[in-house]
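Trainee: mind folding the following:
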Amino acid sequence: MQKELESLAQKIQLVSELCQRLRRENQNLRQELAASQQKVKLMSARLDEAKSRVDNLIDSLPAS
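Mentor: Purely as a prediction, here's the structure:
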C-alpha cells in the first residue's frame, strides 16, 4: 500500500510540474500572439497607407 501511495504521489508531482510548464508555455504563447497581432495591425495600416498613396498617384496622372 505504501508503494502505491508513493507511486501515486510521484505521478501527482509529475502532473503538477507538467501543468506548471504548460501554464508558462501558454502565457508565452499568449504574449507572442499579442505581439504578432500588433504587428499585423501595424502592417495593415501601412498597407492601407501605401494603397492610398498609389491611388493618389494614379489620380494625379494625366488622362490619356
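Trainee: going along the chain, name the helices of the chain.
Mentor: Assigned by DSSP state H, the chain shows helices spanning 2-60.
Trainee: which intervals of it have sub-threshold pLDDT?
Mentor: For the chain, applying pLDDT under 70 flags no range at all.
Trainee: spatially central residue for it, please.
Mentor: residue 33 (1.3 Å; CA atoms, centre = their mean).
Trainee: residue 40 versus that residue, what's the distance?
Mentor: For residue 33, the distance to residue 40 equals 10 Å [CB to CB, to the nearest Å]. Where you see a C-beta, it was placed from the backbone N, CA and C, and this is true even at glycine.
Trainee: and what of residue 18?
Mentor: Look at residue 18 and residue 40: by CB to CB, they are 32 Å apart.
Trainee: stretch 46-58: how far from the chain's middle?
Mentor: 29 Å (CA atoms, centre = their mean, to the nearest Å).
Trainee: of all the residues in it, which ones are buried?
Mentor: For stretch 46-58, a neighbour-count test (16 or more other CB atoms under 10 Å) marks nothing as buried.
Trainee: also stretch 18-29?
Mentor: For stretch 18-29, using 16+ other CB under 10 Å, no residue counts as buried.
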